[in-house]
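Asks: My questions are about this predicted structure, shown below with the sequence.
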Amino acid sequence: MKIQKIILWCLSGLVGACLLGLGLTPAHAEPEKKADQKAGPKKLTGAELYAINCNRCHPERYATEFTSAQWKTIMLHMRVRANLPAAQAKEVLKYLQEDSGN
């Protein structure tokens, strides 16, 4: 019985060493975090959000096609239609108003 435990222990060590050599980790081990890695997903810019969300249903409009006030009204309507969270809608509106045709 004692020999079986020793053999099992040696085999598990060998498997572990092979996994580490291949760059793999056991399922229960947490991956190492890099120093430059931020917690959470990358925050998208207003321009990126505009390109992702608005192109789903229609071609993009140029920011200069409408005034700042018109973009605000349009975003009130389109936020509901596109089911955009408030924070994302705010970023898109900020992007459009920066280059709007005031």
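Replies: Happy to help now that I have it. Not measured: the values here are computed from a predicted model. Numbering: from 1, shown residues only.

Asks: Hmm, N53 and E91 touching each other?
Replies: No: checked against CB atoms under 8 Å, the pair E91 and N53 is beyond contact range at 10.5 Å. Bear in mind the C-beta positions are built from the backbone N, C-alpha and C, glycine included.

Asks: Which strands or helices does the helix or strand harbouring V92 pack on?
Replies: Here V92 sits within helix 86-98, counting by DSSP states H and E. Helix 86-98 makes packing contacts with helix 46-54, helix 68-82 when contacts are defined by 3 or more CB pairs under 8 Å, 6 or more residues apart in numbering; DSSP states H and E.

Asks: Which residues belonging to the last one are considered buried?
Replies: Taking 16 or more other CB atoms under 10 Å as the basis for neighbour counts, the residues of helix 68-82 that come out buried are 71, 75, 78-79, 82.

Asks: Low-confidence stretches in this protein?
Replies: Low-confidence segments of the chain (pLDDT under 70): 1-40.
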